[in-house]
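My questions concern the predicted model and sequence given below.
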Amino acid sequence: MNAALPIIALAVLVALGLGLLARKGRDMDLEQWSVGGRGFGTLLVFLLLAGEVYTTFTFLGASGWAYGKGGPTYYILCYLTLIYLISYWLLPPVWRYAKEHRLYSQPDFFRAKYDSPALGILVALVGIVALVPYMVLQLKGLGIIVSTASYGEVSPNVAIWIGAAAVTAYVMVSGVRGSAWNAVIKDVLILAVVVFLGLYLPYHFYGGIEPMFRAIEAEKPGFLALPATGQSATWFASTTLLTALGGWMYPHIFGSVYTARDPHVFRRNAVLLPLYQLMLLFVFFAGFAAVLQVPGLKGADADLALFKVSIEAFPPWFVGVIGATGVFTALVPGSMILISGATLIANNLYRPFRPEATDASTARLAKIVAPLLALVCVAFTLHGGETIVQLLLVSYAFVTQLFPALLTSLFARNPLTREGAAAGMVVGVGTVALITAGGYSLAGLFPFLPGALKDLNVGVVALGLNVAVALAVSLATRRAAGVPS
Amino acid sequence: MRPMNLLALLPVLGMLIGPFFLNRVEPYVLGMPFLLAWLVGCTLATALVMGVIYLTDPENRDANAK
């Protein structure tokens, strides 16, 4: 046994212990369990919002992209910054409405705004379909991290089972409070580890940041900028914008908005969180440091770049610390996803068909659903698949389809009817599914497009169709109802 | 909408339009490839602009007085 393993095991125990303690004798009704009694202040909401976005994707995916793709990876910094910029105006009205109507989940919001239980069910279905790959992503990342950091002593499958069991246990006991407490440790750890790695690795291997970039440029000219075709500037701009719009549409992120005590919490965080994104810069640095040091990682293995280069540079105990940080980056978002997914199923898919259900019975059901959902995610995880970033992009494209109907619902006069909103979502999600299943790109679909347009993120097509159908159907339903539009 | 809110468009445009014109590795700025340095600059500008918007937003007056 090496020194890394006990440190990783300790991380899992601490996460479990803190998660269980977070309950602190509170009665876990639905409002406490799902949205923390709507009592979190600026710091806890900061950690939850940052904690959900800083996932294993940040740790492995962003460094893996820097390693494998170079310049295009900068989009991650941009979309995360824009997510928080948007939050200044988006979140306060969402929060206020949710508090007034005592909402627990994202589908609740659509159901209430459009006065349509059916739309709530549709949104819940889209949410579940997007949450499962997101959870799979966390579990996959956890498996990779623990097996690599333990130098192969723990297999990924064993790590995935242990991680899923720990997170399920504290979710069932403490709900979102367990996530918040663990988010505190996670953010301290990740900040320290990432900044250290991002500075140490370039200096250790190259003698500095600029020497590192010059060495990469000499070896692979143009790698540090965007390519002329493919992931070009057009791809960059469209992908950044799409992912920024979709960012708040994940059910677990949307749900964490409800935990805030007052709307000022969001405005303050909109100033602080863009600065916090600079942490990504150090993740990029660490990924770039690996380019010339551990060459030859292809495809899904690119996600291992950060760990491979760390194993070259550090003693086992420190690799264990990095592994422990990785465990937290998987467990915190994983717990939010489980809470949110279980709330969606119990409150938005089951309850509409059971008029006699109360908040208390719904809360009990949600706590039973959580372990079942975890099992489903583990099953999907163990059946392998694409690399981490690709999985995330699909679920992102799904939830982004909810954005138009959310945005217009905040207008004083909503141009969309419930039928229009639903039709737009169905068409948007269907388009994403077709495009993904067929492996299409814009260049493949429309070979006659001028060069620059061919690189547009294909999600733009889905979102465009979504908006067009939503507006057309809304107009038609208004006409049919005899309401002047 | 307050006119001050339009300030927020600056970093957004910088991130989305900038890469079409500034997609280059050299010159290095603070050790970073030029495009990366530009985008880091846009991120800092976002925090700055949001700070200005926050401080001038009448909605936040009660919060700050507390």
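Cool, the structure landed. Numbering: from 1, shown residues only, chains lettered A, B, ... in the order given.

For residue 14, give me its contacts.
In the absence of a named chain, this looks at chain A. Residues in contact with residue A:14 (Cβ atoms under 8 Å, 6 or more residues apart in numbering or on different chains) are residue A:185. To be clear about C-beta, it is placed using only N, CA and C from the backbone, and glycine gets the same treatment.

Please refer instead to chain B.
B:38, B:41-42, B:45.

Counting residues, which helix of the chain comes out longest?
Since you didn't name a chain, this refers to chain A. Counting residues, the longest helix found in chain A (DSSP state H) is helix A:117-149.

look at chain B instead
helix B:34-56.

other SSEs contacting it?
Under the contact definition 3 or more Cβ pairs under 8 Å, 6 or more residues apart in numbering or on different chains; DSSP states H and E, helix B:34-56 sits against helix A:75-100, helix A:264-276, helix A:279-293, helix B:9-21.

roughly how far out does the longest helix of chain A sit from the chain middle?
Taking Cα atoms, centre = their mean, to the nearest Å, one finds helix A:117-149 lying 9 Å from the centre of the chain it belongs to.

Repeat that for stretch A:394-406.
With Cα atoms, centre = their mean, you get 13 Å for stretch A:394-406.

Quick check: end-to-end length of it?
20 Å (Cα to Cα, to the nearest Å).

ok, residues contacting that stretch?
A:94, A:106, A:109-110, A:114, A:123, A:126-127, A:129-134, A:242-243, A:245-246, A:248-251, A:416, A:421, A:424-425, A:428-429, A:432, A:436, A:459, A:462-463, A:466-467, A:470.

before we move on, what about stretch A:322-332?
A:4, A:7-8, A:10-12, A:15, A:51-52, A:54-56, A:58-60, A:138-139, A:141-142, A:145-146, A:148-150, A:163, A:166-167, A:179, A:182-183, A:185-186, A:189-190, A:193, A:197, A:306-307, A:310, A:314.

again, but for stretch A:340-349
Contacts for stretch A:340-349 (Cβ under 8 Å, 6+ apart): A:30, A:33-34, A:104-108, A:111, A:120-121, A:123-125, A:127-128, A:131-132, A:135, A:171, A:251-252, A:255, A:362-363, A:365-367, A:369-370, A:373.

returning to that earlier point: among the contacts of stretch A:322-332, which lie within helices?
Per DSSP H, those map to helices at A:4, A:7-8, A:10-12, A:15, A:51-52, A:56, A:138-139, A:141-142, A:145-146, A:148-149, A:163, A:166-167, A:179, A:182-183, A:185-186, A:189-190, A:193, A:197, A:306-307, A:310.

hang on, the earlier thing: helices - which of the contacts of stretch A:394-406 land there?
Those of these lying in helices (DSSP H): A:94, A:106, A:109-110, A:114, A:123, A:126-127, A:129-134, A:242-243, A:245-246, A:251, A:421, A:424-425, A:428-429, A:432, A:436, A:459, A:462-463, A:466-467, A:470.

Next, residue B:32: phi, psi?
phi -100, psi 150 (degrees, to the nearest 10).

err, residue B:29, not the other one
According to degrees, to the nearest 10, residue B:29 has phi -120, psi 120.

mind checking how far the closest residue to it other than its chain neighbours is from chain A?
Residue nearest to residue B:29 in three dimensions, not counting chain neighbours: residue B:37, with 3.6 Å by Cβ to Cβ, 6 or more residues apart in numbering or on different chains. Counting by Cβ to the nearest Cβ, to the nearest Å, the gap from residue B:37 to chain A is 10 Å.

just to revisit the earlier point, generate CSV for the contacts of residue B:14, with pLDDT and neighbour count as supplementary columns.
Output for the contacts of residue B:14, formatted as CSV (pLDDT from 0 to 100; neighbours: other Cβ atoms under 10 Å in any protein chain shown):
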residue, pLDDT, neighbour count
B:38, 94, 21
B:41, 94, 17
B:42, 94, 23
B:45, 93, 18
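
With respect to residue A:261, which of those is nearest?
Comparing those against residue A:261 with Cβ to Cβ places residue B:45 closest, at 29.5 Å.

How about the contacts made by the closest residue in space to residue A:118 that isn't next to it in sequence?
Closest residue to residue A:118 apart from its sequence neighbours, by Cβ to Cβ, 6+ apart: residue A:422 at 7.0 Å. Counting by Cβ under 8 Å, 6+ apart, residue A:422 makes contact with A:116, A:118-119, A:122.

Now render those as a markdown table, adding pLDDT.
Converted to a markdown table, those look like this (pLDDT from 0 to 100):
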| residue | pLDDT |
| --- | --- |
| A:116 | 90 |
| A:118 | 90 |
| A:119 | 92 |
| A:122 | 93 |
